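> give me the fold of what follows.
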Amino acid sequence: MNILSIQSHVSYGHVGNSAAVFPLQRLGHEVWPVYTVNFSNHTGYGQWGGSAIPASEVTAIVDAMEARGALAQVDVVLSGYQGGADIADAILSTVDRVKALNPQATYTCDPVMGNAKSGCFVNPAIPVLLRERVVPAADLVTPNQFELGYLAGIEASTLDSTLAAVDTVMAIGPRAVLVTSVHRPDAAPGCIEMLAADATGAWLVATPHLPFKANGSGDVTAALFAAHYSQQFGATGSALQALERTTASMFELLQRTHDSGQRELQLVQAQESYVAPRAHFAARQIR
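Next up is the predicted model:
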């Protein structure tokens with residue numbers, strides 16, 4: 001597939017496109033990255049160099065790509081962290097242009113806003129834009145449980161409320177939802193879960209919880225799931241297969257990173273895990 005990925009970029013470490021591009025390439029996909037910010041490192045360090053990229057520059061890049069005939073070849077548009085509130089219009093315009101040229105193309109939105117521990121860490125205008133304009137235009141969305149709750153206007157804290165939030169989000173546009181970092185009071189101790197749902201059903205998968213923070217892990221998860229699911233978008237069983245494959249790859253990546261003692265994802269070192277993960281975690285159908 002040809003994937004147009006509109007996300008942040010860092011020179012040091014792995015978040016945004018710096019996390020998503022290589023695993024997708026390792027899976028054999030052509031990836032065309034467009035940056036929304038150009039930073040030295042992710043902002044979790046507290047200090048960084050670089051700046052957000054204006055929407056006008058993002059649009060200028062997309063314009064020139066269209067002039068080369070590239071937009072007509074795009075199978076998937078993937079978006080993640082948006083550096084400024086003006087980026088939403090550039091992304092939505094790009095999606096419209098791609099789909100006009102290739103009606104079979106799909107749009108995956110990773111609605112990056114924050115997490116349960118840190119709260120919202122983006123420009124306050126961005127969550128509203130995501131909920132009201134960007135997510136309704138997406139075919140697939142990949143929020144964490146905290147972001148899902150905001151998008152749905154529902155506190156997603158149990159399995160039932162999380163499923164209700166998924167249904168609410170799907171009702172405004174997306175055909176499929178992947179929920180990461182699912183926590184619920186009746187989960188098995190020492191585990192963390194992911195949930196995937198579409199018109200064919202909903203599935204939940206659990207892995208051991210590794211006790212560390214891995215910046216960029218959500219970006220890799222969104223990219224892998226988007227690639228696996230989009231190859232057979234909406235096909236029976238594709239959500240289940242994409243969920244299990246993504247979970248196995250991510251657990252191996254996170255386990256390798258945890259074992260290394262390094263702060264940054266061991267993205268390159270774990271490359272075989274994207275292609276042929278040895279781990280397997282069986283997802284169970286929950287509806």
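
> how close does residue 239 get to residue 104?
19 Å (CB to CB, to the nearest Å). (Glycine included, C-beta is placed from N, CA and C.)

> show me what contacts the residue positioned nearest the centre of the chain?
In the chain, the centroid-proximal residue (CA atoms, centre = their mean) is residue 222; its distance is 2.7 Å. The neighbourhood of residue 222, defined by CB atoms under 8 Å, 6 or more residues apart in numbering, consists of 20, 78, 80, 108, 110, 142, 178.

> quick one on the thing from earlier: and residue 239 and residue 104? Which one has more around it.
residue 239 (30 against 7; other CB atoms under 10 Å).

> if I look at that one, how far off is residue 171?
Residue 239 sits 17 Å away from residue 171 when distances are taken as CB to CB.

> next: residue 14.
For residue 14, the distance to residue 171 - CB to CB - is 34 Å.

> for these two, indicate the residue with more neighbours.
residue 14 (26 against 10).

> from residue 5, how far off is that one?
Per CB to CB, residue 14 is found 14 Å from residue 5.

> what do you get for residue 28?
Summarising the geometry, the distance separating residue 28 from residue 5, computed by CB to CB, is 15 Å.

> between the two, tell me which one has more neighbours.
Neighbour totals were compared for residue 28 and residue 5, and residue 5 leads with 25 against 10 (other CB under 10 Å).

> list phi and psi for residue 94.
Dihedral angles phi and psi of residue 94 (degrees, to the nearest 10) take the values phi -60, psi -40.

> count the residues that sit near it.
The number of residues packed around residue 94, counting by other CB under 10 Å, is 25.

> my guess is it meets residue 77, correct?
Yes - taking contacts as CB atoms under 8 Å, residue 94 lies within contact range of residue 77: 6.3 Å.

> which neighbours do the two share?
Taking CB under 8 Å, 6+ apart as the contact criterion, the residues that touch both residue 94 and residue 77 are 4, 6.

> so among the contacts of residue 222, where is pLDDT lowest?
Taking the contacts of residue 222 together, the minimum pLDDT is found at residue 80 (92).

> brilliant, that's me finished.
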